[in-house]
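> Based on what follows, work out the 3D shape:
(one chain, ligands or ions: 2)
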Amino acid sequence: MLSFSNVDFSYPNQPVFTDLNFELEHGEFTFLIGKSGAGKSTLLQLVYMNILPNSGIVQIGNYDSKTIKPRELPYLRRKLGIVFQEFRLLNDRNIYENLSFVLEATNTPRKEIKRRVNDALTDVGLVHRRYSMPLELSGGEQQRVAIARAVLNDPILILADEPTGNLDPDTSSEILEIIRKIHQRGTAVLFATHNYEIVKKVNAKIIKLEDGKAYKAVLKQKP
Ligand SMILES: Nc1ncnc2c1ncn2[C@@H]1O[C@H](COP(=O)(O)OP(=O)(O)O)[C@@H](O)[C@H]1O
Ligand SMILES: [Mg+2]
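Numbers count the residues shown, from 1 in each chain. Ligands and ions are numbered 1, 2, ... in the order given. Have a look, this model is predicted:
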């Protein structure tokens with residue numbers, strides 16, 4: 001479903017990846033680990049094609065980094081659900097509007113928007129907060145809203161960039177459970193983190209970034 005083949009990527013004066021290779025299968029849960037600066041966020045940006053490789057190829061679904069056209073990017077992004085460490089909600093709109101906004105962009109009928117937004121908020125246990133503003137919610141609740149927003153278009157892949165990075169350990173576990181629940185419905189997950197407590201909780205594939213390359217890694221599971 002997703003593959004990186006011989007990917008080189010540099011920012012101006014900052015090489016990040018040289019000959020990076022890995023693949024993700026449909027429905028797979030994969031952790032992306034590596035110390036700060038190893039390139040986790042850069043790799044995720046290459047997946048949603050916010051940036052393109054200098055050489056090599058990123059392929060996802062029917063799209064690839066060599067042939068994708070700018071007008072096709074919104075269609076690619078609709079197949080992806082993206083969750084960031086800092087939530088990135090629109091703080092001047094309520095929770096319902098943060099989600100309905102996504103579906104209005106695709107001309108979804110109003111009735112269907114209502115149903116899908118309420119279903120997504122129910123899934124993360126926050127439908128009763130739909131008329132609250134983002135900053136009236138706790139960090140964990142804001143992240144649950146961000147996850148609900150990410151799954152609205154029924155993506156094939158969730159990209160999560162340190163989604164528990166701003167949260168305490170108990171709240172982090174809750175967020176992990178919600179993402180696992182989504183995974184169990186068939187969605188692939190690529191979960192970047194440097195929180196080994198989180199990684200130990202799931203029996204998932206682990207890819208480690210080091211020195212500009214990707215390695216398969218193994219961690220001891222918690223009994
Ligand atoms: N926009 C940018 N311009 C230049 N260098 C960047 C930019 N973003 C990240 N970097 C550099 O690229 C490397 C990888 O960064 P990043 O992908 O953010 O790592 P991680 O998410 O694993 O912490 C780091 O050396 C970082 O300083
Ligand atoms: Mg990062």
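> From D170, how far off is the residue in the chain that ligand 2 sits nearest to?
Of the chain, the residue with the smallest distance to ligand 2, taken as CB to the ion, is S41 at 3.2 Å. From N, CA and C alone the C-beta is placed, and that goes for glycine too. Computed as CB to CB, to the nearest Å, the S41 to D170 distance reads 25 Å.
> Looking at these two, which has the bigger crowd around it?
Summary of the neighbour comparison: S41 and D170, criterion other CB atoms under 10 Å, with S41 having more neighbours (18 against 8).
> Assign the closest residue to V151 other than its chain neighbours to helix, strand or coil.
Closest residue to V151 in three dimensions, ignoring its sequence neighbours and counting by CB to CB, 6 or more residues apart in numbering: G81, at 5.3 Å. When the structure is reduced to helix, strand and coil (DSSP: H, G, I helix; E, B strand; the rest coil), G81 reads as strand.
> What residues of the helix or strand containing L20 count as buried?
Assigned by DSSP states H and E, L20 belongs to strand 14-24. Along strand 14-24, these residues count as buried under the neighbour rule (16 or more other CB atoms under 10 Å): 16-18, 20, 22, 24.
> For the protein, give me the ranges with low pLDDT.
The chain contains residues with pLDDT under 70 at 220-223.
> list the buried ones in the longest helix along it?
Of all segments of type helix in the chain, defined using DSSP state H, the longest is helix 169-184. For helix 169-184, burial by neighbour count (16+ other CB under 10 Å) applies to 171-176, 178-179, 182-183.
> Next SSE downstream of it?
Counting by DSSP H and E, what follows helix 169-184 is strand 188-192.
> now for that next one, which elements pack on it?
Using 3 or more CB pairs under 8 Å, 6 or more residues apart in numbering; DSSP states H and E as the contact criterion, the elements in contact with strand 188-192 are strand 29-33, helix 40-47, strand 157-161, helix 169-184.
> Tell me which of these approaches A217 most closely.
Counting by CB to CB, A217 lies closest to strand 29-33 out of the helices and strands packed on strand 188-192; the figure is 6.7 Å.
> in its sheet, what does that closest one sit against?
The pairing partners recorded for strand 29-33 under DSSP bridges are strand 188-192 (parallel), strand 205-210 (parallel).
> Now distance to T108 too, for those strands, in CSV please.
As requested, the strands paired with strand 29-33 are exported to CSV (distance: least, CB to CB, whole Å):
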stretch, distance to T108
strand 188-192, 24
strand 205-210, 34
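> Please identify the deepest-packed of those strands.
The highest average neighbour count among these, using mean count of other CB atoms under 10 Å, belongs to strand 188-192 at a mean of 24.
> starting at the chain centroid, how far to the next helix or strand after that one?
Tracing the chain past strand 188-192, the next element assigned as helix or strand by DSSP H and E is helix 196-201. Using CA atoms, centre = their mean, to the nearest Å, the mean C-alpha position of helix 196-201 is found 17 Å from that of the whole chain.
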